[in-house]
Structure formats: C-alpha cells, structure tokens
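1. Predicted model follows, preceded by the sequence.
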Amino acid sequence: MSSLEVLQTCPSQRKALLSSLGFVDPSDDRMITFYIDNTTPHLPPSVAFQILVTIKNVIVHRCIIDEGASTCVMSANVWKTL
C-alpha cells in the first residue's frame, strides 16, 4: 500500500505517517516558520540559528543546527542528548 493510499483510506493516520517518514506536518501549531526572503536586510545564507530544544522535559543548550540539501549537522552534545 502506498503512502497516498494510506492517507486516502486512513486520514486520521496522517500525523503518524508523516512522523514515521521523518516529515514535519506543516499544520503543526508547535512549528515556527519565517520566510527569510521577506526580511530586511536579507539574511546571508551562512547564518546559523541557535535553537532552544526541549526533549523529554530536558533543555538542550547550545543546539545549533545547520541543515543543508542532504545533511543535518548538529553538535555532539545535542546528538548524545537525543
């Protein structure tokens, strides 16, 4: 059964399917997004973001994630905490 067939026959399983595939549901109200094309001045592509991450009620400090086209780089401390 394809992913599309699963979504068509079991729409209530959308969140579980997206999660198992590693996708983020764009309708998730916990997701924060912004469009860098609309910022003034424009942010350079080399900008990294410091993100406060909470995992199982533990705050992971100094979490810097640089996600490229095919890789996601994070510090060893963050990886060990995960």
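-> That came through fine. Remember, predicted model here, so these are calculated numbers, not experimental data.
2. tell me how far the ends of stretch 27-40 are from each other?
-> One end of stretch 27-40 to the other measures 26 Å (C-alpha to C-alpha, to the nearest Å).
3. now that stretch: mean pLDDT?
-> Stretch 27-40 shows an average pLDDT of 68 in the prediction.
4. Quick check: which element contains Thr54?
-> strand 49-55 (DSSP states H and E).
5. Low-confidence regions, this protein specifically.
-> Within the chain, the segments meeting pLDDT under 70 span 1, 3, 21-26, 31-37, 39, 42-43, 48-53, 61-75, 78, 81-82.
6. Could you chop it up by domain?
-> Listed domain ranges for the chain are 1-26, 34-82 (source: automatic domain parsing).
7. tell me the SS of Leu18?
-> Three-state call for Leu18 (DSSP: H, G, I helix; E, B strand; the rest coil): helix.
8. tally of neighbours for it?
-> 17 (other C-beta atoms under 10 Å). (Each C-beta comes from the backbone N, C-alpha and C, glycine too.)
9. Now do it against Ile59, distance only.
-> Computed as C-beta to C-beta, to the nearest Å, the Leu18 to Ile59 distance reads 26 Å.
10. next one: Cys10
-> 35 Å.
11. One more: Arg14?
-> For Arg14, the distance to Ile59 equals 30 Å [C-beta to C-beta].
12. The two: which has the busier surroundings?
-> Neighbour count, other C-beta under 10 Å: between Arg14 and Ile59, Arg14 has more, with 13 against 10.
13. list the buried ones in the helix or strand harbouring the more buried one?
-> Counting by DSSP H and E, the element that carries Arg14 is helix 14-21. Residues of helix 14-21 classed as buried: Leu18 (neighbour count, 16 or more other C-beta atoms under 10 Å).
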